[in-house]
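[1] mind looking at a prediction? Sequence and model below.
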Amino acid sequence: MFSFALKEKEVILPADNQMNEILGFGLTAPNEARTLKQGKRFRIIESRENEKIYLIDFPMLSGEEAWVAKQILEEFRQTHDSEKKKFSIKQCIEFFLEKNLLSVSKTQKEFLTELIELHAFGSGLIEFFFQNEELEEIALIGLGKETPVFIFHSVFGWLKTNLFYSSQEEVINLINRLSRKNGRQISMQYPKINAVLENGNRLNAVINPLSENVCITIRKFRKKPLTVFDLVQSKTVSGEAIALLELALKTDLSIIICGNTGSGKTTFLNSIFAFIPKNERIVIVEETPEINIPHKHKIKLSTVEGLNVSMNSLILNSLRMRPDRVIVGEIRSKEEIHAFIDTILAGQGRGSFATVHAQSAEEAVKRFASMNVEEQDLLSVDLIIVLRRITESKINSNSVKEKRRILEITEVLNENGKISLNKLFEFDYSCDELKKKNKSKRIMQKLKECFGLKEKEILEEMQERKLFFEKERNYEKEFIERG
């Protein structure tokens, strides 16, 4: 607790008020039964009501502490802005305490300093979610203790957290702080915003009248993207399939990657681009920036809200930029699909890549056909790769986990002018494994032409690479050394 002395004017500390009533946000204290996972500044617990909850490791402030934090933050912002110089938070705290004859413990001073820093230079306690690489999504669906912030964990799925917001004004200020890089603000006149944050994450926010409650959704992207080695180890894909793709991506190849929402389409696309020579020129077209490849010679094009520039016009514009490869982040409309096919048919690059929502290769072909893509044109696609986010549970348990798996890798064949799908790999649910199904025809022919090898020699090379990807060792270092 705070202690204070009085001079001429009494300082009133609102001891009866709660943290959220003063700051506009607060923390709950669930009945904890056991800890399931613990990391830097967080814990995942199971409550006595058998509910899994994600806890931010930060103290719950008393009304007095929250009031002092708010006063110091306001003074810091005024001083920082008016004097046009960096006035340290520690100096501001010392000045405020001395001016108001307040004394605090060392621990109180530490968490007050951290809280003010998080709000002065960041996004408040949400910063703790940004720091955890295992989190994929952050979602706010309303105000009050009964509607806390939710997160999507890569293993545990959706979890509610101990953080909640109680003030719409505080949430709108949060949205506008997050999106300041884009130079736009949310308001009653502009009640929806899509923005790429300074940390590379993606923000979507809506307020009344578009939504009954203020809603924020933040898609997190890894600072260090997953590699093919990570995907093999997590059983998302097999070493044998990756061995084929490593060789195939050295040729002229166009690929469509399909899957449901959150299945890992973009993650997989990012990872396999490690096989593309680093000196190639890559043009990336996206609605919102998500693709993160290691190539230096790349151009990133993306649509901007409010400007009359469509995805399909950007895709077509890539044809004038002499790319070696074109990547389209996600194609949805008829116009975008036709523009993507045009990039392949133009034949000036070494292949085009795109992601699309479809549950199978057959469904993807039917969807393209329903959008009037001619069969002859669709034959320009070499491979269709399908991923899925799979729910994993036990019959007598409330425990639900999710995993991402490649369900099929299928090559598109031309049989007398008609499309035929040859499934090279297929996922076996019974053993949780991607298994080889059929021999390759089209891709094998490309490999023989590219490398000047016989089929037997290529298969032997693929077997060596399969073993390489499956061994437990320092993969990345050896892969770089191997070139």
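    Now that the structure is in, tell me what you want to look at. Residues are numbered from 1 along each chain as shown.

[2] which ones are touching the residue nearest to residue 89 when sequence neighbours are not counted?
    In this structure, residue 89 finds its nearest non-sequential neighbour in residue 116, 5.2 Å apart by CB to CB, 6 or more residues apart in numbering. Any C-beta I mention is one placed from the backbone N, CA and C, and that applies to glycine too. By CB atoms under 8 Å, 6 or more residues apart in numbering, the residues touching residue 116 are 69, 72, 73, 76, 89, 92, 93.

[3] would you write a ChimeraX line that selects the buried entries of those residues?
    Buried members of those, defined by 16 or more other CB atoms under 10 Å, are picked up in ChimeraX with:
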select :69,72,73,76,89,92,93
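
[4] got a pLDDT number for the residue nearest to residue 89?
    Per-residue confidence at residue 116 stands at 92 (pLDDT).

[5] among the contacts of residue 116, which ones are in helices?
    Counted as lying in helices by DSSP state H, out of the contacts of residue 116, are 69, 72, 73, 76, 89, 92, 93.

[6] mind listing what residue 72 touches?
    Taking CB under 8 Å, 6+ apart as the contact definition, residue 72 lies against 89, 92, 93, 96, 112, 116.

[7] from residue 275, how far out is it?
    53 Å (CB to CB, to the nearest Å).

[8] hang on, the earlier thing: JSON lines for the ones in helices among the contacts of residue 116, including distance to residue 175 and pLDDT?
    Formatted as JSON lines, the ones in helices among the contacts of residue 116 follow (distance: CB to CB, whole Å; pLDDT from 0 to 100):
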{"residue": "69", "distance to residue 175": "21", "pLDDT": "91"}
{"residue": "72", "distance to residue 175": "23", "pLDDT": "90"}
{"residue": "73", "distance to residue 175": "18", "pLDDT": "90"}
{"residue": "76", "distance to residue 175": "21", "pLDDT": "86"}
{"residue": "89", "distance to residue 175": "24", "pLDDT": "86"}
{"residue": "92", "distance to residue 175": "26", "pLDDT": "87"}
{"residue": "93", "distance to residue 175": "27", "pLDDT": "89"}
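
[9] turn those residues into a markdown table, including distance to residue 183.
    Formatted as a markdown table, the ones in helices among the contacts of residue 116 follow (distance: CB to CB, whole Å):
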| residue | distance to residue 183 |
| --- | --- |
| 69 | 29 |
| 72 | 29 |
| 73 | 24 |
| 76 | 24 |
| 89 | 27 |
| 92 | 28 |
| 93 | 32 |
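
[10] specify which member of these is nearest to residue 429.
    Distances from residue 429 to these, taken as CB to CB, are shortest for residue 69 (52.1 Å).

[11] was I right to think the closest one contacts residue 114?
    No. Applying CB atoms under 8 Å, one finds residue 69 not in contact with residue 114, separated by 10.1 Å.

[12] which outside residues touch the one helix or strand residue 340 maps to?
    Per DSSP states H and E, residue 340 falls inside helix 334-346. For helix 334-346, the external contacting residues (CB under 8 Å, 6+ apart) are 254, 310-313, 315-316, 318-319, 326, 328, 331, 349, 351-352, 354, 356, 368, 371-373, 377-378, 380-381.

[13] which among those end up buried?
    254, 311-312, 315-316, 318-319, 326, 328, 331, 349, 351-352, 354, 356, 368, 373, 378, 380-381.

[14] mind checking which of those are in helices?
    311, 312, 315, 316, 368, 378.

[15] pull the longest strand from the protein.
    strand 400-415 (DSSP state E).

[16] just want the angle from the helix or strand following it to strand 400-415.
    Where DSSP H and E defines the elements, the next helix or strand beyond strand 400-415 is strand 418-428. Per axes from the mean of the first three to the mean of the last three CA atoms, to 10 degrees, the angle that strand 418-428 makes with strand 400-415 is 150 degrees.

[17] report all helices and strands that strand 418-428 contacts.
    helix 239-248, helix 361-370, helix 375-378, strand 400-415, strand 433-436 (3 or more CB pairs under 8 Å, 6 or more residues apart in numbering; DSSP states H and E).

[18] residue 36: which of these is closest?
    Once the helices and strands packed on strand 418-428 are compared by CB to CB, strand 400-415 is nearest, at 11.7 Å.

[19] show the average pLDDT along stretch 94-109.
    Stretch 94-109 comes out at a mean pLDDT of 87.

[20] and if you look at stretch 316-327?
    On average, stretch 316-327 scores 88.

[21] distance from the chain centre to that stretch, please.
    25 Å (CA atoms, centre = their mean, to the nearest Å).

[22] same check on stretch 51-69?
    So, by CA atoms, centre = their mean, the centroid of stretch 51-69 is 27 Å from its chain's centroid.

[23] what's the answer for stretch 385-397, then?
    For stretch 385-397, the distance to the chain centre is 20 Å (CA atoms, centre = their mean).

[24] next one: stretch 18-36
    For stretch 18-36, the distance to the chain centre is 26 Å (CA atoms, centre = their mean).

[25] next one: stretch 413-432
    For stretch 413-432, the distance to the chain centre is 29 Å (CA atoms, centre = their mean).

[26] now swap in stretch 72-79 and tell me
    The answer for stretch 72-79 is 34 Å, by CA atoms, centre = their mean.

[27] send me it as PDB with only the CA atoms.
    Extracted C-alpha coordinates of stretch 72-79, given in PDB (Å, rounded to 0.1, in the frame of the first residue of the first chain):
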ATOM      1  CA  ILE A  72       1.900   9.800 -13.700                       C
ATOM      2  CA  LEU A  73       1.100   8.600 -17.200                       C
ATOM      3  CA  GLU A  74      -0.900  11.700 -18.000                       C
ATOM      4  CA  GLU A  75       1.900  14.000 -16.600                       C
ATOM      5  CA  PHE A  76       4.500  12.100 -18.600                       C
ATOM      6  CA  ARG A  77       2.600  12.400 -21.800                       C
ATOM      7  CA  GLN A  78       2.100  16.100 -21.300                       C
ATOM      8  CA  THR A  79       5.800  16.700 -20.300                       C
END
